[in-house]
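Undergrad: Any chance you can model this:
(one chain, ligands or ions: 1)
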Amino acid sequence: MKELRIGGMLIPVPIVQGGMGVGVSLSGLAAAVANEGGIGVISSAGLGLLYAKLSSDFLEASILGLKEEMRKVKEKTKGIIGVNIMVAMSNFEDMVKTAIAEKVDIIFSGAGLPLNLPKFQTPDSVTKLAPIVSSGKAARLICEKWKSAYNYLPDAIVVEGPKAGGHLGFKKDQIDDPNYALEKLIPQVVSEVRVFEEKYDCKIPVIAAGGVYTGSDMYEMMQCGASAVQLGTRFVTTNECDASLGFKQTYLDASENEIEIIQSPVGMPGRAITNSFLDKVRAGLKQPIKCRVNCIKTCDIHTAPYCIIQALMSAYRGKMNNGYAFAGSNAFRATKINSVKEVMSEIMADFKVKIKEKTSKK
Ligand SMILES: Cc1cc2nc3c(=O)[nH]c(=O)nc-3n(C[C@H](O)[C@H](O)[C@H](O)COP(=O)(O)O)c2cc1C
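TA: Sure thing, here's the model as predicted:
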């Protein structure tokens with residue numbers, strides 16, 4: 001199996017743990033994945049609420065919270081750590097600057113096109129930058145813009161397909177359209193990226209995300225041209241996942257037909273596990289909103305049916321009547337809670353079996 005190289009950084013196991021907000025992937029999960037040789041990723045979404053005790057000001061608490069998570073993760077691992085920062089968040093710039101100042105190994109950034117991300121690099125920065133895209137066109141746009149405006153190319157690119165959990169970079173009718181399947185998107189992104197690799201003599205590994213659950217899935221993605229995979233859902237049902245047991249239990253309880261596409265107040269579709277809270281939203285019952293933090297640039301409290309950060313925060317704490325769990329299309333497959341070590345060993349063992357099968361057939 002080939003390790004993943006991002007710039008001069010060597011990642012022994014080509015598995016990235018997707019950043020999961022609010023609070024689902026913090027230093028606990030990220031350190032556990034990094035200790036197994038993958039990239040562990042802290043989500044920066046909602047840190048201002050999780051760390052409200054540090055400051056009554058959401059923006060300040062977010063910065064202090066990210067610093068605190070970085071401190072905790074460095075105590076637990078010497079492995080590779082990333083921070084996930086969504087473009088849609090109104091404190092995007094604060095989070096990027098803090099992550100770079102804290103010398104995080106890599107920033108992953110999606111939920112919008114991170115067109116100005118390299119602007120925040122400092123001369124002494126060690127942080128690599130990886131945009132998350134959902135099409136070859138978006139990958140090209142970012143490469144062009146970053147190169148012309150900042151003389152910088154992405155250190156890696158994540159391509160996230162329509163089976164992912166959380167917000168999706170697709171229109172509703174594209175989600176089940178086979179033309180937008182991850183297997184189709186990877187070669188498109190790889191071929192767009194190759195133009196820049198050849199022109200500027202560099203390597204931009206493509207990381208496949210969305211619906212990757214087993215070593216066989218991982219093998220298929222690598223066959224399509226990916227250099228690594230990013231998994232979110234599979235890591236939720238682990239002991240180390242930072243969400244409450246109540247949150248994880250919704251995954252264990254969910255059946256396939258209980259995983260639905262919702263329209264999020266962020267203005268994008270998302271995938272989540274059906275529950276009474278989402279039933280009420282669908283029935284048009286508006287939840288009371290007191291917006292103190294204006295966390296998302298595009299959210300309008302006058303039209304939003306509920307406050308997403310509060311809903312996700314409630315879910316993180318296991319109060320599922322007041323929120324809901326984002327989840328990938330494979331969430332129903334979880335039957336028990338394992339350690340990250342068990343999950344990663346199982347994936348790698350399965351991946352190696354698949355390679356052996358294919359090579360023995362040749
Ligand atoms: C509970 C949950 C929360 C998520 N939150 C974020 C987030 O804050 N930012 C982000 O870029 N992606 C987020 N994602 C997407 C993951 O990082 C990952 O790319 C995706 O889940 C991969 O698909 P999979 O879940 O099928 O493995 C989230 C996914 C889940 C399941």
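Undergrad: Spell out which parts of the stretch 1-150 of the chain neighbour the ligand.
TA: Within the stretch 1-150 of the chain, the positions near the ligand by Cβ under 6 Å from any ligand atom are 18-21, 24, 43, 45, 84, 86, 110-111, 132. C-beta here means a position set from N, CA and C on the backbone, and glycine is covered the same way.
Undergrad: Quickly name whichever of those residues is closest to the ligand.
TA: Of all those, residue 18 has the smallest distance to the ligand: 2.4 Å, by Cβ to the nearest ligand atom.
Undergrad: which residues does the closest one contact?
TA: Contacts for residue 18 (Cβ atoms under 8 Å, 6 or more residues apart in numbering) come out as 25, 41, 84, 108, 164, 209, 230-232, 235.
Undergrad: so, in contact with the ligand or not, stretch 175-195?
TA: No - for stretch 175-195, no contact with the ligand is found by Cβ under 6 Å from any ligand atom; the gap never falls below 9.3 Å.
Undergrad: element containing residue 130?
TA: strand 128-133 (DSSP states H and E).
Undergrad: From the chain's centroid, how far away is that strand?
TA: 11 Å (Cα atoms, centre = their mean, to the nearest Å).
Undergrad: Likewise for stretch 42-60?
TA: For stretch 42-60, the distance to the chain centre is 19 Å (Cα atoms, centre = their mean).
Undergrad: Could I get the buried residue list for it?
TA: 42-52, 54, 58-59 (16 or more other Cβ atoms under 10 Å).
Undergrad: Quick one: residues in contact with that stretch.
TA: 19-27, 30, 61-62, 64-66, 68-70, 73, 81-86, 89, 91, 94-95, 99, 292-293, 295, 309, 312-313, 316.
Undergrad: And the pLDDT for residue 202?
TA: At residue 202, the model reports a pLDDT of 97.
Undergrad: Kindly tell me how buried the residue nearest to it when sequence neighbours are not counted is, as a neighbour count.
TA: Counting by Cβ to Cβ, 6 or more residues apart in numbering, residue 202 lies nearest to residue 153, which is 6.1 Å off, once chain neighbours are set aside. Around residue 153 there are 21 other residues, counting by other Cβ atoms under 10 Å.
Undergrad: What is the neighbour count of residue 332?
TA: Using other Cβ under 10 Å, the number of residues around residue 332 comes to 19.
Undergrad: meant to ask about residue 171
TA: Using other Cβ under 10 Å, the number of residues around residue 171 comes to 12.
Undergrad: Could you do residue 111 as well?
TA: Residue 111: 24 surrounding residues under other Cβ under 10 Å.
Undergrad: that's a strand at it, yeah?
TA: No - read with DSSP: H, G, I helix; E, B strand; the rest coil, residue 111 is coil and lies in no strand.
Undergrad: Could you tell me how far it is located from residue 298?
TA: 10 Å (Cβ to Cβ, to the nearest Å).
Undergrad: what do the two both touch?
TA: Residues touching both residue 111 and residue 298 (Cβ under 8 Å, 6+ apart) are 88, 266.
Undergrad: Contacts for the longest helix seen in the chain next, please.
TA: In the chain, assigned by DSSP state H, the helix with the most residues is helix 340-361. By Cβ under 8 Å, 6+ apart, the surrounding residues in contact with helix 340-361 are 1, 13, 15, 29, 32-33, 35-38, 214-216, 218-219, 231, 234-235, 238-240, 338.
Undergrad: Buried ones from those, can you make that a ChimeraX selection?
TA: Here is the ChimeraX command that selects the buried residues among the contacts of helix 340-361 (16+ other Cβ under 10 Å):
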select :13,15,29,32,33,35,36,37,38,214,215,218,219,231,234,235,238,239,240,338
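Undergrad: Out of the contacts of helix 340-361, name the ones that lie in helices.
TA: Using DSSP H, the contacts of helix 340-361 in helices are 29, 32-33, 35, 215-216, 218-219, 234-235.
Undergrad: could those go into CSV alongside pLDDT and distance to residue 344?
TA: Output for these, formatted as CSV (pLDDT from 0 to 100; distance: Cβ to Cβ, whole Å):
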residue, pLDDT, distance to residue 344
29, 98, 12
32, 98, 9
33, 98, 7
35, 98, 10
215, 98, 10
216, 97, 15
218, 98, 11
219, 97, 15
234, 98, 9
235, 98, 9
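Undergrad: which one of those residues is nearest residue 185?
TA: Checking the ones in helices among the contacts of helix 340-361 against residue 185 with Cβ to Cβ, the nearest one is residue 218 at 16.0 Å.
Undergrad: Run a quick check on that closest one versus residue 230, I expect a contact.
TA: No - counting by Cβ atoms under 8 Å, residue 218 sits too far from residue 230 to count as a contact (10.4 Å).
Undergrad: What about the buried residues of stretch 42-60, which are in helices?
TA: Short answer: these in helices (DSSP H) are 47-50, 58-59.
Undergrad: hmm, which two among those are most spread apart?
TA: 50 and 59, at 13.8 Å, using Cβ to Cβ across those.
Undergrad: can you give me the strands in the stretch 151-300 of the chain?
TA: 157-160, 166-167, 206-209, 228-231, 259-263, 269-273 (DSSP state E, counting those that start in this stretch).
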